[in-house]
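**Student:** Curious how this folds, go ahead:
(one chain, ligands or ions: 1)
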Amino acid sequence: MSEMAERAPSSVALESWPSPLRTVSGAPVPALAFGLGTRHRHVSDDVTANALRAALHAGFRHIDCARFYGTEAIAGRVLAEGLVPRRELFLTSKLWMTHHDDAGVAESVNASLAALGLEYLDMLLIHWPVAWTRDSDPADKARGVTPRADVPLVATWRAMERLVAAGRVRALGVSNCGVAELDEILGSDPAVRPTINQVECHPQCAQTALRDACAARGVRLACFGPLWPQRAAAEGGGGGAAAGSARVVAACAAAAAAHGRSTTQVLLRWLIQRACMPVTTSSNPERVRQSFGALDFTLTDAEMAAIDDAGARAPFRRYNPLGWREPPDALWFAPDDIDASESRPSQAQSAGSPRVVLNS
Ligand SMILES: NC(=O)c1ccc[n+]([C@@H]2O[C@H](COP(=O)([O-])OP(=O)(O)OC[C@H]3O[C@@H](n4cnc5c(N)ncnc54)[C@H](OP(=O)(O)O)[C@@H]3O)[C@@H](O)[C@H]2O)c1
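**Tutor:** Predicted coordinates:
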């Protein structure tokens, strides 16, 4: 594996990577997902519904949901309009940390299916590999204390496998997991292997080693926060990292100009050419349409390398998975919304600061 990491180029042919996701009709899912979290937790139902309609019209087929987002009922209403047949869609949902126990897993999936108006989920992810007690969220969040529940990751996985056997879920995966968590699941001789690990990833948080470790295990990296450098640069957040974000954006803008594209499309394309699946979002239908244009052009090796280089010089990470193994009171929770003051250099790089932002 280390040998693979050493020789892994930045760009990887998509065909050579773990098999693409497929809808129930057998069609490959475009390597770009539309998310209904983050921004959509803070806009009106109508705004989210219109953005989702725009996403479906544009060609998005993979919709990234979660119980935590509170937007599954809105998605259900739009899906019921029948813009795209169910068998051509790929719907992902996630278990929140309060629902890792047997009963909680079933309850969460039943609630997702009812809200979405679906018979099955295409993919179920463990949102974070940390179990909380049922009543710990959200009130305790403000106090920064979240009692852990004693539910091993593998027990949660077994409960998820039972839902696959029952036909309620078609594939399983994880989110915010490192190699240790993946190996915990893989080492338990699972009946259903993980397919996806959804993590923060953008040029300033390239996750190359994790991507390669996942690929060696047949797991594909799905990447949230793909546009973070653009946002950090525009809002001036992140202290020293903001200047680095500006250099990443400049490298992307240069490539965008050469291809007649936008910086957003280049940031998404950079991930796709690294065999990663961006999970992006917007509340603005025109931006949603524009994002889907990341699929039909190719960055040169030199453009990829320039973006790699600019990102590597200014590491920045918003969500810190290093906090997972820490005692509960070491966890720290940011306000739900994201503003410039929250943009900060990598928590992972601040020694002795095992804090984690869980407002996904
Ligand atoms: N598994 C997890 O723990 C986790 C964590 C975070 C996110 N996620 C998933 O990933 C999805 C995307 O996450 P994200 O919000 O961090 O993604 P992102 O795609 O990096 O950022 C989306 C933000 O970028 C803005 N934006 C979009 N297009 C733009 C453009 N052309 N120009 C300027 N700004 C633009 C949007 O604002 P406007 O609405 O104003 O366009 C939105 O606020 C979420 O919805 C969720 O489904 C998962």
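
**Student:** how about the residues of the stretch 201-350 of the chain near the ligand?
**Tutor:** Residues of the stretch 201-350 of the chain lying close to the ligand by C-beta under 6 Å from any ligand atom are 224-228, 230-231, 264, 279-284, 287, 290. C-beta: built from backbone N, CA, C; applies to glycine.

**Student:** Between those, which has the least confident prediction?
**Tutor:** The member of these with the lowest pLDDT is residue 231, at 89.

**Student:** Where does the prediction get shaky in the stretch 101-250 of the chain?
**Tutor:** The model of the stretch 101-250 of the chain has pLDDT under 70 over residues 136-147, 237-241.

**Student:** the strands in the chain, which residues?
**Tutor:** Along the chain, the segments classed as strands by DSSP state E run 33-35, 62-64, 90-95, 123-126, 172-175, 194-200, 220-224, 277-280.

**Student:** Please tabulate these in TSV, including the columns mean neighbour count.
**Tutor:** Formatted as TSV, the strands of the chain follow (neighbours: other C-beta atoms under 10 Å):
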stretch	mean neighbour count
strand 33-35	27
strand 62-64	25
strand 90-95	26
strand 123-126	26
strand 172-175	25
strand 194-200	24
strand 220-224	25
strand 277-280	26
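
**Student:** a markdown table for those, including distance to residue 53?
**Tutor:** Output for those, formatted as a markdown table (distance: least, C-beta to C-beta, whole Å):
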| stretch | distance to residue 53 |
| --- | --- |
| strand 33-35 | 11 |
| strand 62-64 | 12 |
| strand 90-95 | 16 |
| strand 123-126 | 22 |
| strand 172-175 | 26 |
| strand 194-200 | 24 |
| strand 220-224 | 22 |
| strand 277-280 | 16 |
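
**Student:** Quick check, central residue of this structure?
**Tutor:** Closest residue to the average C-alpha location of the chain: residue 224 at 3.5 Å, with C-alpha atoms, centre = their mean.

**Student:** how about the residue in the chain that the ligand sits nearest to, what does it touch?
**Tutor:** Residue of the chain nearest the ligand, by C-beta to the nearest ligand atom: residue 35 (2.3 Å). Contact analysis of residue 35 by C-beta atoms under 8 Å, 6 or more residues apart in numbering lists 63-64, 224, 279-281.

**Student:** so which pair among the residues you listed is furthest apart in space?
**Tutor:** Using C-beta to C-beta, the two most remote members of the contacts of residue 35 are 63 and 224, lying 13.6 Å apart.

**Student:** The stretch 251-360 of the chain: helices as residue ranges?
**Tutor:** Here the stretch 251-360 of the chain has its helices, by DSSP state H, counting those that start in this stretch, at 263-272, 285-292, 301-312.

**Student:** Kindly compare burial across those and name the winner.
**Tutor:** Across the helices of the stretch 251-360 of the chain, averaging neighbours per residue (mean count of other C-beta atoms under 10 Å) puts helix 263-272 on top, at a mean of 25.

**Student:** Determine how far it lies from the middle of the whole chain.
**Tutor:** 15 Å (C-alpha atoms, centre = their mean, to the nearest Å).

**Student:** That one versus helix 285-292: what angle between them?
**Tutor:** Using axes from the mean of the first three to the mean of the last three C-alpha atoms, to 10 degrees, the direction of helix 263-272 lies 40 degrees away from that of helix 285-292.

**Student:** counting contacts, what elements does helix 263-272 pack onto?
**Tutor:** When contacts are defined as 3 or more C-beta pairs under 8 Å, 6 or more residues apart in numbering; DSSP states H and E, helix 263-272 packs onto helix 228-235, helix 240-259, strand 277-280, helix 285-292, helix 301-312.

**Student:** neighbouring contacts of it?
**Tutor:** Residues contacting helix 263-272 (C-beta under 8 Å, 6+ apart): 14, 31-32, 201-203, 223, 226-227, 229-230, 249, 252-253, 255-256, 259, 261, 277-278, 280, 287, 290-291, 293-295, 297-299, 303-304, 307.

**Student:** what's the answer for stretch 293-301, then?
**Tutor:** Stretch 293-301 has contacts (C-beta under 8 Å, 6+ apart) with 10-11, 30-32, 59, 255, 259, 261-262, 264-266, 268-270, 272-273, 278, 307.
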